[in-house]
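>>> Let's see this in three dimensions:
(one chain, ligands or ions: 1)
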Amino acid sequence: MEFTKMHGLGNDFIVIYSEKELPSHAAELAIKWCNRFFGIGADGLVYILPSEKADFQMRIINSDGTEAEQCGNAIRCVAKYVYDHGHIDRENITIQTIGAGVQPVRLTVEDGKVSKVRVDMGAPVLDGLKIPTTIDETPVVNQPIEAGDSSFRFTAVSMGNPHCVIYVKDAVNFDLATWGPKLEAHPFFPKKINVEFATVKDREHIDMRVWERGAGPTLACGTGACATLVSSVLNGLTERAAWVRLKGGDLFIEWNEEDNHVYMTGPAAFVFTGKIIENEI
Ligand SMILES: N[C@@H](CCC[C@H](N)C(=O)O)C(=O)O
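Okay, here's the model as predicted:
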């Protein structure tokens, strides 16, 4: 079976293009193939599938085998894949996700190849129970949370998938491995959560590091960057448009006042293609 390795700012994926349905054992395949020592190595397994509602459908399975509702970096990779491989020749396309519905995507094409992707990520969900958290408030802003022997304050946002944003003094050097897993599995979050640690540098620049649900520390998180911008606006810390600076690079995020939608702009890249020898890994 053919696969393509791609990344969005270092958040890497094994991408499979298929005319069929998601295989019933996709979770098992994700665990095997995403393994960085015994497999291909990736943060997630992404399937590009046919859709009845949009040009394509994306499904994303985290490296631990759990399916996510949405993935910002993967959707940019999907857009580049389908255009650069000639599956579509329009620069405005739609991609269906399971958690955030059908998302309009605008491609910037240079020399026949996609160089940049702008995704309409839809409206953020701010209702505490719908995110979901156990907190019956809208929005869930600057709430205290205890983890281990430390206390933090978090703001919760869903971009189709759940996020909790915590402001720290120095996000770039933050100890993700200690606090990420404790917060990801905190009882406040019935479906677990993606955890963003952020430092606002000025009203248009935020440094962010992420501990992802089902994948651990990754170099970038598109939905996490969107959630961080929304959280920063709710906390009065930034403008409605800002750069979110991740370990793997920067994303430009806008929360539009008129339609309430969040727009994410960034790159996507191919790494290599390969063939999986069934039953060998
Ligand atoms: N890296 C992604 C998010 C992938 C899914 C996430 N780990 C979850 O379980 O919700 C992004 O770029 O948005």
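
>>> near the ligand, which residues of this protein show up?
11, 62, 68, 71-73, 161, 194, 212-215, 218, 221-224 (Cβ under 6 Å from any ligand atom). To be clear about C-beta, it is placed using only N, CA and C from the backbone, and glycine gets the same treatment.

>>> Can you pick out the ones from the residues you listed that are in strands?
Mapping these onto strands (DSSP state E) picks out 11, 62, 68, 194, 212, 218.

>>> Residues in a beta bridge with the last one, which ones?
So that's residue 218. Per DSSP bridges, the residues bridged to residue 218 are residue 210.

>>> In the sheet, which strands lie alongside whichever helix or strand residue 103 is part of, parallel or antiparallel?
Using DSSP states H and E, residue 103 sits within strand 102-110. Strands that pair with strand 102-110, judged by DSSP bridges, come out as strand 92-96 (antiparallel), strand 113-120 (antiparallel).

>>> Contacts for the shortest one, please.
To tie it back to what came earlier, the one meant is strand 92-96. Under the contact criterion Cβ atoms under 8 Å, 6 or more residues apart in numbering, strand 92-96 has outside partners 51, 53-58, 75, 78-79, 82-83, 102-107.

>>> what comes up buried for it?
93, 94, 95, 96 (16 or more other Cβ atoms under 10 Å).

>>> Tell me how far it lies from the chain's centre.
17 Å (Cα atoms, centre = their mean, to the nearest Å).

>>> next one: stretch 17-31
Worked out by Cα atoms, centre = their mean, stretch 17-31 lies 19 Å from the chain centre.

>>> Likewise for stretch 6-21?
In terms of Cα atoms, centre = their mean, the centre of stretch 6-21 is set 13 Å apart from its chain centre.

>>> how about CSV for the strands paired with strand 102-110, with distance to residue 156 and mean pLDDT added?
CSV is the format used below for these (distance: least, Cβ to Cβ, whole Å; pLDDT from 0 to 100):
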stretch, distance to residue 156, mean pLDDT
strand 92-96, 25, 98
strand 113-120, 22, 98
